[in-house]
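Enquirer: give me a 3D structure for the following:
(2 chains, ligands or ions: 2)
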Amino acid sequence: MLVLENFNVTLDGKHILHNINLTIKAGETHVLFGPNGHGKSTLLNAIMGLPRYRVSGRCCFKGQDITSLSVDERARLGIGLMFQRPPTIRGLSLRNILKICARNDIDIDTLASQLKLRTFLERDVNDGFSGGELKRSELLQLLTQQPDLALIDEPESGVDLENIGLIGSALNLLLEKEKPRYQGSDCQLKHSRHKAGLIITHTGHILNFVEADVGHVLYEGRLACTGHPREILAFIQQKGYSECVRCLV
Amino acid sequence: MRDHITTLTDIALPSLVLNSPLMDNSDLDRLLSVGVDAHCRERSGSFVQVDHQVLHAGAAEPGLEVLSTPEALKRYDWLKDYWWQIVPAGKDEFTKYAQDHTHNGYFIRALPGAKINYPLQACLYLAREGLTQCVHNIVIVEEGAELNIITGCASGTKAKSGAHIGISEFYVRKGAKLNFTMIHSWAEDVEVRPRTGTVVEEGGTFISNYICTHPVRLLQMYPVSYLRGEGAVARYQSILVAPPGSKMDVGSRVVLDAPATKSEIITRTVTTGGKIISRGHPVGQVPGVKAHLECRGLMLAPQGLIHAIPELEARAEGVELSHEAAVGKIAHEEIEYLMARGLSEEDAVSTIVRGFLNVDIPGLPPALRDEIDRAVSATREQGA
Ligand SMILES: Nc1ncnc2c1ncn2[C@@H]1O[C@H](COP(=O)(O)OP(=O)(O)OP(=O)(O)O)[C@@H](O)[C@H]1O
Ligand SMILES: [Mg+2]
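Expert: Ligands and ions are numbered 1, 2, ... in the order given. All right, here's what the predicted structure looks like:
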């Protein structure tokens, strides 16, 4: 679904990501670990196509090179981003932004209730929302948008222990986790999971709720090791990032 | 002049308006665009003045009086005690000019306790090229009464230049409520100088909504409310959109002159190339009164100007005055956010501007919602 080849990103003249190679197949969920400031959000924002990120190399989505496409064109192709720091838009209610997001006929009220945001629908989007509420509002927007590739920036940070379950089930819904993974037989194709995700996490907490297939470490702007998400997490927890990426050098 | 004033029974404004040699269909459209309902449906009364001449004045609900001010002065001897009482005649060169050059204006009165259901519509229209229209209006909402007025002031397609000076004196009596919405739609070479003063007595409420989204050479006004009775409230909400070539110098002043009075002044300004000076000035005269001032401005064109001048004046202990002001262009983060949700850049900008102008004006007529939408689309064209 997504293929990055020699992907480089510069922000305001600063070279942040170096030669990223990454393939995410339909139905797969990847997680991204890495220390603060090493370029995780940059990677997601650049895939979304936010204009301030200057890129070189190839970025293909659904077999099409999208490097020259604008943000909205990418959104309409099926890429969705959960922002780490979503802005407030005054005078635009959460309900109305959900109407903007909605691809199909979607029961906004029911979805909002599931994310405990029913009473927020008439409020200006993100205006005065708490940290956890912001995360839920972002996920609610993505759930109405139904992207094929969901780029999820730190879904669990600032979320309390109870609400993290809520975030987890929202992600499972978003990523069609109720459907089986595609195993290769053609007759299965139609019923198997199609949606893909790339999730940034520091604590790995979210892995207790959402099953992930592949893990990566982004270190100093480079994709270091790639492997089983839980194994990588365990290693980072025991030895720290600098040890973890030694296998790279 | 009298025989032109129709009675209430013939309330088909179109024929009335089109009978006037000064008016044609395009004028009628202009009238409708400022909130006038052509058939006075769901209106408690109407007043229409074109240039110096009153075409129609009448009320459709009991407890309501609508007359031209000269008629009212003939009928009510006491009215002269209301004349030039809130707006001083010697205030400036325009009020002085108005003393000798006034032709008509509306007199609107809600009798004690009358809760008028439907809004009353008043329209002051400038049809003839180069004319200076000068009116004197009086509104009295008697004790316990409630009234909602929508006034549309506009110039016609033939009046590219001209001037409008409107003296307005509003009396909101004890426990009464006046909701006054004014929509302006002038032309590139028209100068407009309303001079409005309001007195609010004990427990009374005055709400002023003002919208101007069309070109005007110069619009200058600084209406003032005097909250004279305990618990009186004044709220001003203004929306200004200045296209290139327009200058708008608009403010609202509230003098909180009695215990427990409150005020809120909210302004949203957008420039697509014109100049806006946005003022606000609550004056707290007695302990414990509260007022809040909020002005936000959005620059949609590099050559525009927004100058916010908020003033807070406390003249007693324990007065609580606050203000919030922010002027800037649209944050690119907001545009990108909406684009990531699938909107084109243009639609994202329009959505943000519409949200920005979306102050909550209760009872805003649908025509006005449309008017704001029209302004948003216009800003899109002008901004491009
Ligand atoms: N406008 C900018 N100009 C230069 N450097 C920038 C700019 N914006 C961000 N950066 C830098 O880019 C680097 C990568 O930032 P990014 O937000 O991608 O990190 P991150 O891995 O998501 O960190 P965190 O875990 O703290 O969210 C940081 O060092 C950051 O300071
Ligand atoms: Mg980040």
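Enquirer: burial count for the closest residue to chain B within chain A?
Expert: Residue nearest to chain B within chain A: A:Gly91 (2.9 Å; Cβ to the nearest Cβ). For every residue, glycine as well, the C-beta is placed using N, CA and C. Neighbourhood size, A:Gly91 [other Cβ atoms under 10 Å in any protein chain shown]: 19.
Enquirer: so, low pLDDT: which residues of chain A?
Expert: Applying pLDDT under 70 to chain A flags the ranges A:183-190, A:247-249.
Enquirer: how about 90 then?
Expert: Low-confidence segments of chain A (pLDDT under 90): A:103-106, A:157-158, A:161-162, A:177-193, A:224-226, A:234-249.
Enquirer: state the mean pLDDT of stretch B:165-176.
Expert: In this model, stretch B:165-176 has a mean pLDDT of 98.
Enquirer: ok now that stretch, how far from the chain's centre?
Expert: With Cα atoms, centre = their mean, to the nearest Å as the basis, stretch B:165-176 stands 13 Å off its chain's centre.
Enquirer: can you give me the buried ones in that stretch?
Expert: Under the neighbour-count criterion of 16 or more other Cβ atoms under 10 Å in any protein chain shown, stretch B:165-176 has B:Ile165, B:Gly166, B:Ile167, B:Ser168, B:Glu169, B:Phe170, B:Tyr171, B:Val172, B:Arg173, B:Lys174, B:Gly175, B:Ala176 buried.
Enquirer: what strand or helix carries the third one?
Expert: Okay, so that is B:Ile167. Per DSSP states H and E, B:Ile167 falls inside strand B:161-172.
Enquirer: can you list the domains in chain B?
Expert: If you go by automatic domain parsing, the domain ranges for chain B are B:10-329, B:330-384.
Enquirer: give me whichever of those is most buried.
Expert: Neighbour counts (mean count of other Cβ atoms under 10 Å in any protein chain shown) averaged over each of these peak at domain B:10-329, with a mean of 20.
Enquirer: tell me, how many residues neighbour the residue of chain A found nearest ligand 2?
Expert: Going by Cβ to the ion, ligand 2 is nearest to A:Ser41 of chain A, at 3.1 Å. Residues lying near A:Ser41 (other Cβ under 10 Å) number 20.
Enquirer: ok, which stretches of chain A are helices?
Expert: Ranges of helices in chain A, per DSSP state H, are A:40-48, A:71-77, A:94-101, A:108-114, A:131-145, A:161-174, A:229-239, A:241-244.
Enquirer: actually the stretch 51-200 of chain B, not the one I wrote
Expert: Ranges of helices within the stretch 51-200 of chain B are B:69-75, B:93-101, based on DSSP state H, counting those that start in this stretch.
Enquirer: which stretch among those comes nearest ligand 2?
Expert: Judging the helices of the stretch 51-200 of chain B by Cβ to the ion, what sits closest to ligand 2 is helix B:93-101, at 58.6 Å.
Enquirer: low pLDDT regions in the stretch 51-200 of chain B?
Expert: Scanning the stretch 51-200 of chain B for pLDDT under 90 picks out B:55, B:157-160.
Enquirer: just the CA atoms of stretch B:232-244, as CSV, please.
Expert: Extracted C-alpha coordinates of stretch B:232-244, given in CSV (Å, rounded to 0.1, in the frame of the first residue of the first chain):
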residue,chain,number,x,y,z
ALA,B,232,-29.1,46.7,32.8
VAL,B,233,-27.3,44.8,30.0
ALA,B,234,-25.9,45.9,26.6
ARG,B,235,-24.4,43.5,24.1
TYR,B,236,-22.8,44.6,20.8
GLN,B,237,-21.9,42.1,18.2
SER,B,238,-20.4,43.3,14.9
ILE,B,239,-19.2,41.7,11.7
LEU,B,240,-17.2,43.8,9.3
VAL,B,241,-15.8,42.7,6.0
ALA,B,242,-13.8,45.4,4.2
PRO,B,243,-13.2,44.9,0.5
PRO,B,244,-10.4,46.9,-1.3
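Enquirer: tally of neighbours for A:Arg230?
Expert: Neighbour count for A:Arg230, taken as other Cβ under 10 Å: 13.
Enquirer: host element of the nearest residue to the residue of chain A closest to chain B once chain neighbours are set aside?
Expert: The spatially closest residue to A:Gly91, leaving aside those adjacent along the chain, is B:Gly355, at 2.9 Å (Cβ to Cβ, 6 or more residues apart in numbering or on different chains). Taking DSSP H and E as the definition, B:Gly355 sits inside helix B:345-357.
Enquirer: which residues touch that helix?
Expert: Here helix B:345-357 makes contact (Cβ atoms under 8 Å, 6 or more residues apart in numbering or on different chains) with A:70, A:72, A:89-92, A:100, A:124, B:239, B:241, B:268, B:270, B:296, B:298, B:300, B:330, B:334-335, B:338-339, B:343, B:372-373, B:375-377, B:379-380, B:383-384.
Enquirer: ok, back up a step: pLDDT value on the residue nearest to A:Gly91, please?
Expert: On pLDDT, B:Gly355 comes in at 91.
Enquirer: over to B:Glu345?
Expert: B:Glu345 is given a pLDDT of 94.
Enquirer: gap between it and B:Glu334?
Expert: 11 Å (Cβ to Cβ, to the nearest Å).
Enquirer: hang on, the earlier thing: could I get the helices of chain A in TSV, plus columns for distance to B:Val141?
Expert: Formatted as TSV, the helices of chain A follow (distance: least, Cβ to Cβ, whole Å):
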stretch	distance to B:Val141
helix A:40-48	55
helix A:71-77	50
helix A:94-101	36
helix A:108-114	41
helix A:131-145	43
helix A:161-174	51
helix A:229-239	70
helix A:241-244	71
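Enquirer: ok, which of these comes nearest B:Ile86?
Expert: Nearest to B:Ile86 among the helices of chain A is helix A:94-101 (41.1 Å), distances taken as Cβ to Cβ.
Enquirer: quick one: is that closest one near chain B?
Expert: Yes: applying Cβ under 8 Å from any Cβ of the partner chain, one finds helix A:94-101 touching chain B at A:Ile97, A:Ile100, A:Cys101.
Enquirer: name the residues of chain A found near ligand 1, please.
Expert: Proximity of chain A to ligand 1, by Cβ under 6 Å from any ligand atom, involves residues A:11-12, A:14, A:16, A:34, A:36-42, A:84.
Enquirer: among these, which two are most distant?
Expert: A:Asp12 and A:Gly34 (20.4 Å).
Enquirer: neighbour-wise, which of the two wins?
Expert: Set A:Asp12 next to A:Gly34 and count neighbours by other Cβ under 10 Å: A:Gly34 wins out with 25 against 8.
Enquirer: if we can go back for a sec, any idea which helix or strand comes after the helix holding B:Gly355?
Expert: Next element after helix B:345-357 (DSSP H and E): helix B:366-383.
Enquirer: let me have the residues of helix A:94-101 next to chain B in CSV, extended by distance to ligand 2 and neighbour count.
Expert: Output for the residues of helix A:94-101 next to chain B, formatted as CSV (distance: Cβ to the ion, whole Å; neighbours: other Cβ atoms under 10 Å in any protein chain shown):
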residue, distance to ligand 2, neighbour count
A:Ile97, 22, 24
A:Ile100, 25, 18
A:Cys101, 22, 24
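Enquirer: ok, those residues vs A:Cys59, which is closest?
Expert: Nearest to A:Cys59 among these is A:Cys101, at 22.8 Å by Cβ to Cβ.
Enquirer: distance of that closest one from A:Ile108?
Expert: 9 Å.
Enquirer: what is in contact with those two at once?
Expert: With Cβ under 8 Å, 6+ apart, A:Cys101 and A:Ile108 have common neighbours A:Thr144.
Enquirer: which ones are touching A:Leu139?
Expert: A:Met82, A:Leu115, A:Pro155, A:Ile167, A:Ala170, A:Leu171, A:Leu174.
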